[in-house]
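Engineer: here is my input, please return the structure:
(one chain, ligands or ions: 1)
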Amino acid sequence: MSGQIPLTYDTVIIQNAPENKEGALLEDKFKFEIQSRPMPELQDREVLVENHFFSPDPFVRVLFLTSQSVGQKVRGFTVGKVVSSKHPDYHEGQYVMGLLEASTHSVATPDKPNVIKFIIDSDPSQDSFSHLYHVKPSDRVSLSAFLGVTGMPGITAYVGLKHYLKISKGATVVVTGAAGCIGSLVGQLLKHQGAGKVIGIAGSKEKCDLLLEYGFDVAVNYKDADYEAQLSKACEGGVDGFWDNVGGKTMELVLKHLKNEAPVVSCGSMSSYLPTPEEEKAVNEQKQRNQQLADEKKTKIVQYVVASFPRQEWVEAIEYISDLINKGVVKYQETETDGLENIGKAHDDIFKGRNVGKQVLRVKICQV
Ligand SMILES: NC(=O)c1ccc[n+]([C@@H]2O[C@H](COP(=O)([O-])OP(=O)(O)OC[C@H]3O[C@@H](n4cnc5c(N)ncnc54)[C@H](OP(=O)(O)O)[C@@H]3O)[C@@H](O)[C@H]2O)c1
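Structural biologist: The predicted model follows:
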């Protein structure tokens, strides 16, 4: 190991979790502790990564409900620098992105299948969640962008558009959660691919203003009193395609304007991830109403997980989106929280809509 590597590293451990985790935001109910541990000795084909940013993604919440429990490290995507390597494909000084931990340092094992079995049931040699991706920051693409617009969420947008939301030139398309990481990229890619009218739905005036800057044709704030009337006006003539990140009532309102057989991608469902036991019935009834409307419109609501796409497609997406940012075609924004000790807040802010663009957690002050 080189001389710059400290003897210990810090990692976030789940110290306490509620019995009933449903409906719980992390900060309210979970307790985290930062523990210092001895730096591990690298084994053959392992890579030591100094993590610069951690990604508080909505799916980290799903991990909390399923596989992450008391005493364990918090897992999620990170981006950082290789500081030591016993793997022939990775060298000191290179930048990498992968599913590691909320830690100052992580040992990556790029050849081993990842243990997040509830998400992945695919060929381990192709398993995109296990792989450690080489990334190339530039003047326009920051290192942290590889957790967002050119990271797992951006790849989600890319594969979803490529495989499931094929539109014709001039099409009218609605995007919800439009000022978030995936939504803002989807809208810009749709315009780049020839959509005629892209309507974005977001939760504040500032977010709507940003969407117009990004080239969305119309931006509607779902918290406005006359939101439904604004949306109906925007959708006059019918909707040819629908990218949904939030589900719930908003999905229903958009589906009403959908043309028959128009494609619908349900990428995520931010409005219904955290129902309390009291809210669960209403959430399920809303889902049924949405499905019924989709049936009436003779359309299938497509759902997919980015983890099921092979790593080659991830590499292709990273290159495609990086190129568009470097050419000035795609813009992005990030909301940064500092320090591993704020992991709960950084995660909960996504569910409170406090992020514009990608929410990232800075682990280490660094200059790239
Ligand atoms: N299919 C896949 O493989 C895959 C992969 C990654 C992510 N996803 C999903 O894609 C969606 C977007 O992810 P992202 O990383 O880009 O997140 P994000 O959009 O950057 O952040 C989430 C946004 O959702 C909105 N939101 C939060 N609670 C809401 C509610 N109750 N009702 C309506 N909107 C709400 C907030 O914006 P407002 O202020 O506008 O409300 C918030 O900023 C998520 O549902 C995520 O789970 C899917």
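Engineer: rest of the way, CA atoms for contacts and neighbours
Structural biologist: OK.
Engineer: any idea which strand is longest in this structure?
Structural biologist: strand 75-85 (DSSP state E).
Engineer: okay, domains of the protein per the record?
Structural biologist: Domains of the chain are assigned by automatic domain parsing as 8-150+332-362, 165-302.
Engineer: burial of residue 302, as a residue count?
Structural biologist: Each residue near residue 302 was counted by other CA atoms under 10 Å, and the total is 14.
Engineer: kindly report the same for residue 332.
Structural biologist: If you count neighbours by other CA under 10 Å, residue 332 ends up with 22.
Engineer: quick one: it and residue 211, what's the gap?
Structural biologist: Separation of residue 332 from residue 211 (CA to CA, to the nearest Å): 10 Å.
Engineer: list residues touching both of those two?
Structural biologist: Residues touching both residue 332 and residue 211 by CA atoms under 8 Å, 6 or more residues apart in numbering: residue 184.
Engineer: all strands for the stretch 51-200 of the chain, in order.
Structural biologist: For the stretch 51-200 of the chain, the strands defined by DSSP state E, counting those that start in this stretch cover 75-85, 95-101, 105-108, 133-134, 172-176, 197-202.
Engineer: give the contact list for residue 106.
Structural biologist: Applying CA under 8 Å, 6+ apart, we find residue 106 in contact with 48-51, 100.
Engineer: of these, closest to residue 255?
Structural biologist: residue 100 (37.8 Å; CA to CA).
Engineer: let me know the pLDDT of the closest one.
Structural biologist: With respect to pLDDT, residue 100 scores 94.
Engineer: next one: residue 365
Structural biologist: Residue 365 is given a pLDDT of 69.
Engineer: what do you get for residue 197?
Structural biologist: Residue 197 is assigned 98 on the pLDDT scale.
Engineer: now the one 10 residues further on
Structural biologist: In this model, residue 207 is scored at 97, pLDDT.
Engineer: now tabulate the contacts of residue 106 in TSV and tack on distance to residue 337 and neighbour count.
Structural biologist: Formatted as TSV, the contacts of residue 106 follow (distance: CA to CA, whole Å; neighbours: other CA atoms under 10 Å):
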residue	distance to residue 337	neighbour count
48	24	27
49	21	28
50	18	25
51	15	27
100	19	25
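Engineer: intersect the residues you listed with the contacts of the ligand.
Structural biologist: Near the ligand, judged by CA under 6 Å from any ligand atom, there are no entries from the contacts of residue 106.
Engineer: picking up where we left off before, list the helices and strands the longest strand of the chain packs on?
Structural biologist: strand 47-54, strand 95-101 (3 or more CA pairs under 8 Å, 6 or more residues apart in numbering; DSSP states H and E).
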